[in-house]
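Novice: With the input below, show me the fold.
(chains A, B, C and D)
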Protein chains: 4
Amino acid sequence: MVVVMKPGSTKQQVEHVCKLVRELGLKDHVIEGTERTVVAVIGDDRNKDRSAFESVEGVDRVVPILAPYKMASREVKKERSVVPLILGQKGGATAGGKKVAVIAGPCSVESKSQLMDIAQAVKAGGAVGLRGGAFKPRTNPYSFQGLAEKGLELLATAREATGLAVVTEVMAVEQVPLVAKYADVLQVGARNMQNFNLLSAVGEQPKPVLLKRGMSATLEEFLLAAEYILSRGNQNVMLCERGIRTYEEYVRNTLALAAVPALQRASHLPVIVDPSQGTGKSYLVDSMCRASVAAGADGLIIEVHNDPEHALTDGAQSITPLMFNDMMKAVQRIAVAVDREM
Amino acid sequence: MVVVMKPGSTKQQVEHVCKLVRELGLKDHVIEGTERTVVAVIGDDRNKDRSAFESVEGVDRVVPILAPYKMASREVKKERSVVPLILGQKGGATAGGKKVAVIAGPCSVESKSQLMDIAQAVKAGGAVGLRGGAFKPRTNPYSFQGLAEKGLELLATAREATGLAVVTEVMAVEQVPLVAKYADVLQVGARNMQNFNLLSAVGEQPKPVLLKRGMSATLEEFLLAAEYILSRGNQNVMLCERGIRTYEEYVRNTLALAAVPALQRASHLPVIVDPSQGTGKSYLVDSMCRASVAAGADGLIIEVHNDPEHALTDGAQSITPLMFNDMMKAVQRIAVAVDREM
Amino acid sequence: MVVVMKPGSTKQQVEHVCKLVRELGLKDHVIEGTERTVVAVIGDDRNKDRSAFESVEGVDRVVPILAPYKMASREVKKERSVVPLILGQKGGATAGGKKVAVIAGPCSVESKSQLMDIAQAVKAGGAVGLRGGAFKPRTNPYSFQGLAEKGLELLATAREATGLAVVTEVMAVEQVPLVAKYADVLQVGARNMQNFNLLSAVGEQPKPVLLKRGMSATLEEFLLAAEYILSRGNQNVMLCERGIRTYEEYVRNTLALAAVPALQRASHLPVIVDPSQGTGKSYLVDSMCRASVAAGADGLIIEVHNDPEHALTDGAQSITPLMFNDMMKAVQRIAVAVDREM
Amino acid sequence: MVVVMKPGSTKQQVEHVCKLVRELGLKDHVIEGTERTVVAVIGDDRNKDRSAFESVEGVDRVVPILAPYKMASREVKKERSVVPLILGQKGGATAGGKKVAVIAGPCSVESKSQLMDIAQAVKAGGAVGLRGGAFKPRTNPYSFQGLAEKGLELLATAREATGLAVVTEVMAVEQVPLVAKYADVLQVGARNMQNFNLLSAVGEQPKPVLLKRGMSATLEEFLLAAEYILSRGNQNVMLCERGIRTYEEYVRNTLALAAVPALQRASHLPVIVDPSQGTGKSYLVDSMCRASVAAGADGLIIEVHNDPEHALTDGAQSITPLMFNDMMKAVQRIAVAVDREM
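Specialist: Numbers count the residues shown, from 1 in each chain, chains lettered A, B, ... in the order given. Model (predicted):
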């Protein structure tokens, strides 16, 4: 970090900062500028409370230099990670390699026939994973909360019928064993991106994790959430950009596609995009799928419903199997144009 | 809700919308405007997935009319709620009445001497509650994570010594019994505002809950989070405005003080302000405490540290006992000016 | 619009609202819901101050139904507009047709050799327009402010040498005649998107206008800004998405690519994307160019500099002629994949 | 500034950065950390394009150290500026001294009787300035655009009748002489905060300027806009916080009251708050006026209308003369509580 002193800070104040730096086991290096003195701090200060320096007299502000995450960083691991969707499956679908992984399915598992219809349709369209919520994080306590274990069983049945990897959300520490029993990929939702107990719990089990970016998370916070999982021992983490909250009013979220190359520059982890949550409007999903793959996304996760008018959740952003099929054909052409496969 | 049709929508499309409305047990009412047709929907549609209508052909968008929360609403309960800080204590401190409740203490419980010093100082300054984190939600997995149960014990000791109500964060469902054993008020942090399992769990136990607004939560989402707790049976909920994430760079968060009167207009629940998290800068805390009380806040929660330079967490936004004392004198004058007491 | 009454509003209050509606020459239609009464207002209320209704007793809020813009709207003009880059040039470059128009060049015109080198390079790479600032809107009053008329002359010289259409910013009403004398396309910058006098002035002259979205403009405000120009008589307007201000910290702006299909859905005007301003980082430009065209953009505007290290402005986001060339090859493949040409 | 190199940057790359630093007439100072090398740059780099360094090979990013503004800074002028509302008037109203200056009046000047009624009412309530728009920046080209010179004449008439200082907006360079002829204070609106030609023009005339913060301006950008005016020779600048654009939906803008002490810390210029624009809701104005003064604001600017239901603009956020009177009494008590006068 660099500690920037106020103009007119005294020699004593600078010395006091240096003393505090050394107390932390770090090395101080004073630079007297024409208008300001700064104290450059040498050594790994990742785990220190840098903010404490801002309360020291004569200090104006503190500028961090080192990124706080390590295992998620490309500095530590240069080659891109390839994450299997089904752990231990030989030759199975992966994210992070040459193939763009498409995961599709309903927002919520509603019934056997609904799930089977959709699963078969997205399989036919080229998906390799089946999404579907059994435990639903609902903003409104009176809304449909999901079928719980019954939903997980239906997902497992759909996997047997189609071979698709099952991707489903786990909302709480105590659900982890149950969800891990049925699912292939555990999804941590945007609202839980900083539920650190949950991050630790999914990090302590082996199944791959799809980590969604928090609604207003910075990339640094996002990668630190991934670091929680990685540091608990699970290396199979996929990052998912799903739109951020901004002032924009024509979308539910603003899909920040520059996050795709920016994350790939900072981290070795695969980056998936969710254009359904990322826009909230079914008529924007198609073009955002194309744009995501053009931007270099390693995968897509998309809400598909066979009867959006009667969907119990997220009807406005679900596309039909027909639209999914058309979209896949269009995205296939984009994938080729960026030397990827589907 | 009002369903707005696209210009040029057909009669069949409008009729189809009406049919879907009736399927939900609601009443439709078609209004043909000069440019657009809208379908007004009559009846309680709170628990319906309104968004599904947006996927219907000919529909442009859906406008909700009814607020989705009920128990948190002033429409249901006109008089303001007064929440005790210590459940069952007669004549004890409350939030929501004439007195402005001040809760103060360190970000983290670090040691017995640290906590006792600060507790006695804030008690002397006029606080009625003691804050202090035992379980710390840390963005960085390598940072200090709190003293856990040891920290809770120290908080209980400090309560015995000072009579201050203990306010501390609970981060996960499985921590609820333990935290509820020691604490007087259970705090749900901003990162957990939409951890719905946790909300339900604190709603199913009796101790008062301080619910912090999520980093980018709307007031509607905030009140729906409160509704989760209320609907599980716990009526002792305090709302806490703690700053929101915006593009602003000179603060850690943007303290949205208009949320205070806006929440009080929409809800009967008391509103507390956290100017420490809400700015992230100790030099802004004093003026924001004054402004909060002037705006009508029912309480303040403030980070105080006896040695901010060596604080293990949040040093930059902690004020010293001396600054706390000065601030309390200034706020006292504001309280009088708005016909409140401290 | 729909006027939503408060719960418990009186009959007199509803009648008073109806009276105000009729005073405006509009028709009222009262709908009594189970919890709320709403007054649907029939007729064109675009030019009325709807907000005044919010100050009426018993009114909770007002919901607009009609989009306030007309000429910019697809409701008025269904077929997409094709805007020439050089007015009156037969068979010249256009935006809004099958071909994706690429405009490239330095942020600022710095010298003849700089401009000529870059112009020739981008021409060779496939650009049809040359961008370059002669009048520079600089945040800092002490920064380089552009070469003014001298810069315009150099741009005209570069056009003669290359045939590229000259696109350059006009910052003030009094500059319009001068800039229009030299430029082919007048650019209105993001900071001036709501400089309504300037919008009117460029609307009253015939040359095409490239209108940049304001830093935090909604799509409605953006289209209303276009409406200013259109309503003054100039139909040759191009919309330019250039990133919005959000809390994101790894980019200068958040490029909101869903705005491309959303604008094309709401309006017939061509949509250009600026990935240079839209990210602020040269290493993100390439992937965002691909994503823009995949999303359906009608054109790109890109900052290219032959010596970014010594650029007087925007060095961090300028790509070199070599990078431009590589990018164009990659984007060409994307264009083919979405049935466009370059 | 500090130039942060990438991990693994080569010695040649560091040397190249140093060479570029010296080319700019600045001094380089290399610090080799344990993981990163940084180059501290010594000297005044305010007018340099720091961003160019980000395009240099081996550079990760550039961290500015010096604030880019000078004349607006407290580092240059420690004592607070006191700005007269009426230039040259002895003992007249000022902003920045002990007295809190209240400016009130209609959003738009609509007619003589409207303006006179309101002017007399706000004068009686304790205002020292009269606001009222003659040139109105309207988002919608079809909305009421103000009475122009006729409105200015009415404002001058109201000043004669009441002695209130006239504060009115100037929207364009060519309007400056006309507006300056009638007005006491020239207001630059939020939409024009980065209309640099207009800033220069109001800086080249002597009348005081009320500069509104742009809708999404950082404090640095805001102070740089003030610097434009100051650097052109006009020292009578007042800063006005008027709310920023965020994701919040219950207000038109989010009033960022921490900006008041933060601006006063960074700058010597007086800070005025606009709770009308800053919330957009008349029922939030009263509490935000109190909070603003409690936070240390040097003045308030408030929209008052004698018939908000029929206001031509901004009806929803205008308070009535009666509400103004009550608010002034409440704010008066707050002013006393913070040792200010009204």
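
Novice: Tell me where chain A has strands.
Specialist: In chain A, strands defined by DSSP state E lie at A:2-5, A:27-32, A:37-42, A:59-63, A:83-84, A:94-95, A:101-105, A:129-131, A:165-169, A:185-188, A:209-212, A:237-241, A:271-273, A:299-303, listed in chain order.

Novice: So which of these is nearest chain C?
Specialist: With C-beta to the nearest C-beta as the measure, strand A:271-273 is the member of the strands of chain A nearest chain C (10.3 Å). Glycine gets a C-beta too; all of them are placed from N, C-alpha and C.

Novice: That closest one and chain C in contact?
Specialist: No - counting by C-beta under 8 Å from any C-beta of the partner chain, chain C has no neighbours in strand A:271-273; the shortest distance is 10.3 Å.

Novice: That strand pairs with which strands, and in what direction?
Specialist: Applying DSSP bridges to the sheet, strand A:271-273 is found paired with strand A:237-241 (parallel), strand A:299-303 (parallel).

Novice: who's in contact with A:Arg80?
Specialist: Each residue near A:Arg80 by C-beta atoms under 8 Å, 6 or more residues apart in numbering or on different chains is listed here: A:Gly96, A:Gln264, A:His268, A:Pro270.

Novice: Please tell me which one of the residues you listed counts the most neighbours.
Specialist: Most neighbours among the contacts of A:Arg80, by other C-beta atoms under 10 Å in any protein chain shown: A:Pro270, with 26 neighbours.

Novice: Excluding chain neighbours, what is closest to that residue?
Specialist: Nearest non-adjacent residue to A:Pro270, counting by C-beta to C-beta, 6 or more residues apart in numbering or on different chains: A:Gly96, 3.4 Å away.

Novice: Surely that neighbour touches A:Glu79?
Specialist: No - A:Gly96 lies out of contact with A:Glu79 (C-beta atoms under 8 Å); the separation is 9.9 Å.

Novice: circling back: from chain B, how far out is the residue nearest to A:Pro270?
Specialist: 22 Å (C-beta to the nearest C-beta, to the nearest Å).

Novice: pLDDT score for that residue?
Specialist: Model confidence at A:Gly96, given as pLDDT, is 98.

Novice: Please apply the same query to A:Leu154.
Specialist: pLDDT, A:Leu154: 98.

Novice: who touches it in this structure?
Specialist: Taking C-beta under 8 Å, 6+ apart as the test, what A:Leu154 contacts is A:Val109, A:Ser111, A:Lys112, A:Leu115, A:Gly132, A:Ala134, A:Leu147.

Novice: Output those in CSV, with distance to C:Ala119 appended to each entry.
Specialist: Compiled in CSV, the contacts of A:Leu154 are given as follows (distance: C-beta to C-beta, whole Å):
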residue, distance to C:Ala119
A:Val109, 58
A:Ser111, 63
A:Lys112, 64
A:Leu115, 58
A:Gly132, 54
A:Ala134, 59
A:Leu147, 63
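
Novice: What is the nearest of the residues you listed to B:Leu300?
Specialist: A:Ala134 (41.7 Å; C-beta to C-beta).

Novice: Enumerate every residue touching the closest residue to the closest one other than its chain neighbours.
Specialist: Sequence neighbours aside, A:Gly151 is the residue nearest to A:Ala134 in space, at 2.9 Å (criterion: C-beta to C-beta, 6+ apart). Residues near A:Gly151 by C-beta under 8 Å, 6+ apart: A:Ser108, A:Val109, A:Gly132, A:Gly133, A:Ala134, A:Phe135, A:Thr168.

Novice: The contacts of A:Arg80: which two are farthest apart?
Specialist: Spanning the widest gap among those are A:Gly96 and A:Gln264, at 9.7 Å by C-beta to C-beta.

Novice: so A:Gln120 makes contact with A:Leu164?
Specialist: No - assessed by C-beta under 8 Å, A:Gln120 is found out of contact with A:Leu164, at 9.4 Å.

Novice: So which of these two has more stuff around it?
Specialist: A:Leu164 (26 against 16).

Novice: OK, contacts around that one?
Specialist: A:Ala119, A:Val122, A:Lys123, A:Ala127, A:Val128, A:Gly129, A:Leu130, A:Ala158.

Novice: List buried residues within those.
Specialist: A:Ala119, A:Val122, A:Lys123, A:Ala127, A:Val128, A:Gly129, A:Leu130, A:Ala158 (16 or more other C-beta atoms under 10 Å in any protein chain shown).

Novice: Show me which of the residues you listed is closest to chain B.
Specialist: Distances from chain B to the buried ones among the contacts of A:Leu164, taken by C-beta to the nearest C-beta, are shortest for A:Val122, at 17.3 Å.

Novice: In space, what's closest to the closest one - neighbours in sequence excluded?
Specialist: A:Ala104 (4.0 Å).

Novice: Show me where the stretch 151-300 of chain A has its helices.
Specialist: A:176-182, A:196-203, A:219-231, A:259-266, A:282-295 (DSSP state H, counting those that start in this stretch).

Novice: how many neighbours does whichever residue of the stretch 151-300 of chain A sits closest to chain C have?
Specialist: Chain C sits closest to A:Ala294 of the stretch 151-300 of chain A, with a gap of 3.5 Å, by C-beta to the nearest C-beta. A:Ala294: 32 surrounding residues under other C-beta under 10 Å.

Novice: Quick check: A:Glu271 vs A:Leu66, distance?
Specialist: One correction, residue A:271 is Val, not Glu. 23 Å (C-beta to C-beta, to the nearest Å).

Novice: Neighbour count for the two, which is higher?
Specialist: Per other C-beta under 10 Å, whichever of A:Val271 and A:Leu66 has more neighbours is A:Val271, with 25 against 19.

Novice: which residues touch that one?
Specialist: Per C-beta under 8 Å, 6+ apart, neighbours of A:Val271: A:Met238, A:Leu239, A:Cys240, A:Glu241, A:Ala259, A:Val260, A:Leu263, A:Gln264, A:Gly296, A:Ala297, A:Asp298, A:Gly299.

Novice: quick one: which of those has the most company?
Specialist: That'd be A:Ala297 among those, by other C-beta under 10 Å, with 33 neighbours.
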